[in-house]
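Enquirer: got a predicted structure here, sequence first:
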Number of protein chains: 4
Amino acid sequence: MSETDYSNKHVEFEVPEPTPEEQARLDEMYKEMEGLHTLPLWRTIGNLMPNEPTPEAVAHKWDWSQLSKVAEQAGELVPVGRGGERRAIGRCNPGLGGNPYVSPTLWAAIQYLGPGENAPEHRHSQNAFRFVTEGEGVWTVVNGDAVPMKRGDFLITPGWAYHGHHNIATEPMIWIDGLDIPFQHVMDTGFFEYGSEKITDDGTPDYSRMERLWAHPSLRPVSYPGESEFSPIGRFAWEHTDAALNEQLALENEGYPGVVSPGHAAIRYSNPTNGADVMNTVRAEFHRLRPEAQTIPVQEVGSRVFQVFEGTATITIGEKVFELSQGDMTVVPSWQQWHIVAGADGVDLFCFSDHPIFEKLGLARTFTPEGI
Amino acid sequence: MSETDYSNKHVEFEVPEPTPEEQARLDEMYKEMEGLHTLPLWRTIGNLMPNEPTPEAVAHKWDWSQLSKVAEQAGELVPVGRGGERRAIGRCNPGLGGNPYVSPTLWAAIQYLGPGENAPEHRHSQNAFRFVTEGEGVWTVVNGDAVPMKRGDFLITPGWAYHGHHNIATEPMIWIDGLDIPFQHVMDTGFFEYGSEKITDDGTPDYSRMERLWAHPSLRPVSYPGESEFSPIGRFAWEHTDAALNEQLALENEGYPGVVSPGHAAIRYSNPTNGADVMNTVRAEFHRLRPEAQTIPVQEVGSRVFQVFEGTATITIGEKVFELSQGDMTVVPSWQQWHIVAGADGVDLFCFSDHPIFEKLGLARTFTPEGI
Amino acid sequence: MSETDYSNKHVEFEVPEPTPEEQARLDEMYKEMEGLHTLPLWRTIGNLMPNEPTPEAVAHKWDWSQLSKVAEQAGELVPVGRGGERRAIGRCNPGLGGNPYVSPTLWAAIQYLGPGENAPEHRHSQNAFRFVTEGEGVWTVVNGDAVPMKRGDFLITPGWAYHGHHNIATEPMIWIDGLDIPFQHVMDTGFFEYGSEKITDDGTPDYSRMERLWAHPSLRPVSYPGESEFSPIGRFAWEHTDAALNEQLALENEGYPGVVSPGHAAIRYSNPTNGADVMNTVRAEFHRLRPEAQTIPVQEVGSRVFQVFEGTATITIGEKVFELSQGDMTVVPSWQQWHIVAGADGVDLFCFSDHPIFEKLGLARTFTPEGI
Amino acid sequence: MSETDYSNKHVEFEVPEPTPEEQARLDEMYKEMEGLHTLPLWRTIGNLMPNEPTPEAVAHKWDWSQLSKVAEQAGELVPVGRGGERRAIGRCNPGLGGNPYVSPTLWAAIQYLGPGENAPEHRHSQNAFRFVTEGEGVWTVVNGDAVPMKRGDFLITPGWAYHGHHNIATEPMIWIDGLDIPFQHVMDTGFFEYGSEKITDDGTPDYSRMERLWAHPSLRPVSYPGESEFSPIGRFAWEHTDAALNEQLALENEGYPGVVSPGHAAIRYSNPTNGADVMNTVRAEFHRLRPEAQTIPVQEVGSRVFQVFEGTATITIGEKVFELSQGDMTVVPSWQQWHIVAGADGVDLFCFSDHPIFEKLGLARTFTPEGI
């Protein structure tokens, strides 16, 4: 796409100066059109069909210390139970009218579960994941399989899988929830059903059953042939993510390929039955930058969310610059150029995006301004 | 899905009656949350995650006689040219806030081109098609290929193909434009570029070049191997559509399969390189019902638009009933049950939908209440 | 592949001159190996793993006048019926040990059916097609669907479809049968079952039912969604093939793309449900060359068979040159360079190959020596 | 397939008793047909198109103690070097005419490399793997990546990857080679090229670079998007295989799904970029049976090879029964019913097959006679 000149701007559509009589007829016509529930393209094309994406969503940063504090407060004041379902606090992109949409497609909440608390089971067509920023002691039960949640783990709950959470620890636990709620809401595709009030498996195994079956590198159980549209692995344990990133950087040290760009390692969580993203609508990745390393500036169709797992970084999104510390989250709206510079100790970043939607629909585009 | 009980409704989330002091703290917390650009799930879940789709779009009918009249008026009062680009009047679903969206994903306009007029060339990432309700004499030039437009023809302009129109006849011409403008607008995926001011090929051939190469039944030119993500056929001429539908009904008369259901014939326009829909985001079909025949009631994720090509029909959408005559258009919002009953002379209907989007993303569902 | 140096030849493996005692031990070892049903690679690698394919099949031409004469004789002397099943005479590649294999994968027979005769129904896992070189009056009944056979028609009988033939005319009829018999024989994949002794539908319609449903250009019946692994169209009528080829040449005259190379038009019969070949293991095409036009020399993995439908041509295959007249058939073994020069009146050629097998298995290669 | 009656047998084709004169004409005709390089179907159909596969390959067992002894002898008497390329001894199925084909598609050799020896680099279109039955100390260098070989490891060398081996240990090492040599030989698809005389990387790392990048459970390096037609992982280390099988049996103990059938655990080595088999033409699996456990009897299109890694078992193939001890290999020809009963200590079996070929071509069939 690099040859495209995106400076091309919509010109003003100039109707020849109408006479007063013509103007009257025009006014009447536009009024009639409105009455007929229609709108002429020539009066709206600049907004509807811009030269390039002009998202209403804006680049924004949510501070972890503030959010975790208000989550704790909610833990004190608001119970968890049927009806409200989850003590989850969704981020609202300031450009999106107060809706709890981190972008037009994605939901990103902070969820808080106190010691001994249970979040009842339900299922929905929305695809969900959790990323654990701190602590342990919660098991999420997905279709009857008890899945441990520990710091650094990435966990999925694909659409229409029953799931509930329980905290057996003596400490509260906080994690990040990501879903495609805004997409499914705008598209009118959402279904929801209540399940058991109580968790259906109160076991506290070290590994979930689906992990034990599937999380061996490229070894499939013969008993599960074929392709599944989401990953049968429900938990991607931190130990593997960490090891994979370390190997990429070690290979770079040895002079071999593997990193995305100098000092920038990254893995994508994937579906072992087809190598694709873990779920149809959501991509999830983990990025590690060496101290002072930076990513290549890029513009992409679709939105990305980053959360700092450890370390510090500076992210530039369009004209905005945010300083990021542990737990901070930021969103990159569609087609805004972004790049990240790691702080003095490097940075570990969890990342998710809606890119699979646009790749599947032939609408994905990427532009690296420096031609790299 | 038939075993699912969709009567399951969200229960009210009842927080135990707070004391006045607690209430004050709650109020303060909610205010703080708002300040942090967040919103708690437990106060919004009923709206965000309904038990089944609750579209804001409503079932609606646009009357052809009214619309064609206002289009003619526009032909008199508003020129066609650079900036406004097209004399197209988009339908606004009354539930969608005055936007020219026939549904959350689709645009459906009436376009008018006077004798001798030219609509300048441009291209955009939005996928477009035209369906000709009446007349002939216009050629649309797609990537330099002059494509005739005649009554009953279905024509596509896939995303990023340059295209313009010119009318060489002595009569004005009106047709239907369909695009995925709302989807691409909400998703921030749209790109647009101006092309030539004048049409790049002023030929008036009987058939476009891409038709001559590709529109032979399941005979591929060896010079074009592989798969294209949209149909290389730009024009699906009426003569073939009509013949295919007639054969389905004749086979039904002879006692053989082929129709969708009794008295209901239908074809889907497809991509000869992979058998899929003509474009990634839009499905287009043509339906023919015998006199008094009816379609099977169904609920579907996604939205459908019908336009009567000939004959009359009654469509029931949820609780609404519309009488349809030639040229009338109606929209079925997501998950609303619909069925059509043909009038005394039967009915021919052009139909388009956003179903491929949801099939590709694993979000499609269909429910036939009578279990048929 | 053009940068590969295929001149690389296997060197002789030189074992250091053994002493007589060593030789005795070697001899004993080789004998023991044989007794253990083993064979050392170092004594066979040159044959087993050549630098490039060294097919045992040879380029060969079968003369139509001779074959049709012997087919007529068979019509007189040998009845058609259960057990023998078909009056089909298979071509034996002279390099393949007297087996009726035109190549290691393909069978190509001439079939003769006298007036009033019936070939009983059966089905088999082998994929079959017919190409009609002359005449009409036979209907092949495929899964109960009576399919007319006329000069120039291409007809398929995918694996495991019941089929029989009957000739209602007063003249005998001759056509070409192509199957993947050798492939399935060597691979031990073949299944076979008898069906009805008599044809199950003695209708003589102008078009088969599956044609009437499916042979409309890129218009799919809505009642048959999804993908089929073979074409649901059983008959590709000559009128469409002829028209498609004429259009390619007309486009070339007008200066537009479409032909394979100058003066060389070609179509591939395809599966409308996925755009792929008509059957999993067999590709079928029709080629038309203008007078004196020639194809681009090429080497391909897999074997191709050509039969002249009309006109004359010279084909060069490796070092051999054959003059071809109407009805003559020739085979190109794997990786042998071939090209065709049309005679003074041009040439129409039916062609089939096993290329889909190798494309599906990642083993296809093509090399155009002149770099075109 | 269970409803199919495979008892259906070809009937004798009975030509009405010819008169002596007719017989003379028939004899003459058959002679003429032969001269024209043709063969009539009615005289060969019973052999060519049997009711079900009648493989020439036979069930057979190769004894490990005998083979390893002869391999050691070869180590003494025959050097490894350019021309012979490998000290590999291929198994010859007794039904396949003395060719080194374990089945019509597969090659299975025992390879021996003495201490300090090098097998020079080359590449070929044939897909290859190694399975290590004993020892360590050899590194195979695949496209410049040094891959360690240890007991229980499964290693692949996909078609056209350069590879050589070197043994740095003080002991000789023996392993199993599997390739699709017979398939590519019969199909005329084979290409071969010499590479470096000496190994291009004499490192002896604990893990190969491609393992370090890719062998993390379902975590893809972001730097390698998309699909590869073979697994980028070159080594599947024993520790993972062993762990995966143990987990399946543990889950069975706990009452959960995962095993293929009672007491029968199995994993399939797969391609992390698409979830498919590691290479296009070869499937590889590892099976573990508890003491006395047995597999479900089955008939399959295509051939399977088993080798005992540890323990003992009895395999029944058609009417033959073989007792298997450590290192013994056996082959199951197409469509022969087989089942395995583990010995008193259970059994670990490496297994490979050509099943992906037939699945890709729509020719796969499976039949479980007991309807299980």
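Expert: Yes, it's here.

Enquirer: enumerate the residues of the stretch 101-250 of chain A near chain B.
Expert: A:104-105, A:109-110, A:124-126, A:159, A:181, A:184-194, A:229-230 (CB under 8 Å from any CB of the partner chain). Placement of C-beta: from N, CA and C, glycine included.

Enquirer: so what's the residue count around residue A:157?
Expert: Counted with other CB atoms under 10 Å in any protein chain shown, residues neighbouring residue A:157 total 26.

Enquirer: for it, phi and psi?
Expert: Per-residue torsions, residue A:157: phi -130, psi 90 (degrees, to the nearest 10).

Enquirer: one more: residue A:210?
Expert: In terms of degrees, to the nearest 10, the main-chain angles of residue A:210 are phi -70, psi -30.

Enquirer: do residue A:161 as well
Expert: Note on residue A:161: backbone dihedrals following degrees, to the nearest 10 are phi -90, psi 130.

Enquirer: tell me the confidence at it?
Expert: pLDDT for residue A:161: 96.

Enquirer: for stretch A:250-258, list every residue counted as buried.
Expert: For stretch A:250-258, burial by neighbour count (16 or more other CB atoms under 10 Å in any protein chain shown) applies to A:251-252, A:256, A:258.

Enquirer: which one of the residues you listed sits closest to residue A:225?
Expert: Using CB to CB, residue A:258 comes nearest to residue A:225 of those, at 31.1 Å.

Enquirer: where's that closest one relative to chain B, distance?
Expert: From residue A:258 across to chain B, the span is 31 Å (CB to the nearest CB, to the nearest Å).

Enquirer: so what's that residue up against?
Expert: Applying CB atoms under 8 Å, 6 or more residues apart in numbering or on different chains, we find residue A:258 in contact with A:247-248, A:251-252, A:265, D:209, D:212-213, D:221, D:223.

Enquirer: got any ranges where the stretch 251-372 of chain A has weak pLDDT?
Expert: A:371-372 (pLDDT under 70).

Enquirer: which bits of it sit near chain B?
Expert: Contacts of the stretch 251-372 of chain A with chain B, taken as CB under 8 Å from any CB, map to A:280-281, A:301-303, A:333-335, A:357-358, A:360-363, A:365.

Enquirer: what's the closest of those to residue A:19?
Expert: Residue A:19 lies nearest to residue A:335 out of these, by CB to CB, at 42.3 Å.

Enquirer: adding secondary structure, write the contacts of residue A:258 out as TSV.
Expert: Formatted as TSV, these follow (DSSP: H, G, I helix; E, B strand; the rest coil):
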residue	secondary structure
A:247	helix
A:248	helix
A:251	helix
A:252	helix
A:265	strand
D:209	helix
D:212	helix
D:213	helix
D:221	strand
D:223	coil
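
Enquirer: let's have the residues you listed in a markdown table, adding distance to chain C.
Expert: A markdown table is the format used below for those (distance: CB to the nearest CB, whole Å):
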| residue | distance to chain C |
| --- | --- |
| A:247 | 28 |
| A:248 | 28 |
| A:251 | 27 |
| A:252 | 30 |
| A:265 | 30 |
| D:209 | 23 |
| D:212 | 26 |
| D:213 | 22 |
| D:221 | 22 |
| D:223 | 23 |
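
Enquirer: thought residue A:272 was touching residue A:218?
Expert: Yes: when contacts are counted by CB atoms under 8 Å, residue A:272 is listed as touching residue A:218 (7.3 Å).

Enquirer: intersection of neighbour lists for these two?
Expert: With CB under 8 Å, 6+ apart, residue A:272 and residue A:218 have common neighbours D:270, D:272.

Enquirer: now the nearest residue to residue A:40 once chain neighbours are set aside: how far from residue A:297?
Expert: In space, and not counting its chain neighbours, residue A:40 is closest to residue B:89: 5.1 Å by CB to CB, 6 or more residues apart in numbering or on different chains. To residue A:297, residue B:89 is 41 Å away according to CB to CB, to the nearest Å.

Enquirer: so these two - more neighbours on which side?
Expert: Legend: neighbour count by other CB under 10 Å for residue B:89 and residue A:297, higher for residue B:89 (26 against 15).

Enquirer: so what's that one bridging to?
Expert: residue A:40, residue B:110 (DSSP bridges).

Enquirer: show the pLDDT at it.
Expert: For residue B:89, the model assigns a pLDDT of 97.

Enquirer: swap in residue A:139?
Expert: For residue A:139, the model assigns a pLDDT of 96.

Enquirer: got the contact list for it?
Expert: Contact partners of residue A:139, counting by CB under 8 Å, 6+ apart, are A:146-149, A:165-166, A:168, A:199, A:203-204.

Enquirer: in strands only, show me those.
Expert: Among the contacts of residue A:139, the members found in strands (DSSP state E) are A:146-149, A:165-166.

Enquirer: ranges for the strands of the stretch 151-300 of chain A?
Expert: Ranges of strands in the stretch 151-300 of chain A, per DSSP state E, counting those that start in this stretch, are A:154-157, A:163-167, A:173-179, A:192-194, A:219-221, A:235-236, A:264-269, A:283-289, A:299-300.

Enquirer: the third one: partners in the sheet, and parallel or antiparallel?
Expert: If I follow you right, that is strand A:173-179. Sheet pairing for strand A:173-179, using DSSP bridges, gives strand A:107-113 (antiparallel), strand A:128-131 (antiparallel).
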